[in-house]
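In: missing the sequence, but the structure's below:
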């Protein structure tokens, strides 16, 4: 069970989250959580580009049945 709590954030950050959330079809809370996950992963893996981290998190969240199977170049025709 997930519980939620209220926090105070800067109005500018809230506005940015609202705008990104609309574009990404997320809730504002979901957008802030997404940014937090990327930030945490970036801090834990400082050698990885942030874009790679964001794409990896998106890939993990993608339903398995929507994934494209990897085919090595040596097996492509």
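Out: Perfect, I can see it now. Here the structure is a predicted model, which means the values were calculated and not measured. Numbering: from 1, shown residues only.
In: just the pLDDT for the spatially closest residue to residue 56 that is not a sequence neighbour.
Out: Using C-beta to C-beta, 6 or more residues apart in numbering and skipping residues adjacent in sequence, the residue nearest residue 56 is residue 41, 7.9 Å away. C-beta here means a position set from N, CA and C on the backbone, and glycine is covered the same way. You'll see residue 41 listed with a pLDDT of 95.
In: what sits against residue 41?
Out: 48, 53, 56-57 (C-beta atoms under 8 Å, 6 or more residues apart in numbering).
In: among the residues you listed, which ones are buried?
Out: Buried residues within the contacts of residue 41, counting neighbours by 16 or more other C-beta atoms under 10 Å: residue 53.
In: how about the helix or strand containing residue 36: buried residues?
Out: Under DSSP states H and E, the secondary-structure element containing residue 36 is helix 28-44. Along helix 28-44, these residues count as buried under the neighbour rule (16+ other C-beta under 10 Å): 28, 31-32, 34, 38, 41.
In: which two of the residues you listed have the greatest separation?
Out: Spatial extent of these (C-beta to C-beta) is set by the pair 28 and 41 at 20.7 Å.
In: could you check which helix or strand contains residue 59?
Out: helix 50-61.
In: contact partners of that helix?
Out: With C-beta under 8 Å, 6+ apart as the test, helix 50-61 has contacts from 34, 37-38, 41-42, 45, 67.
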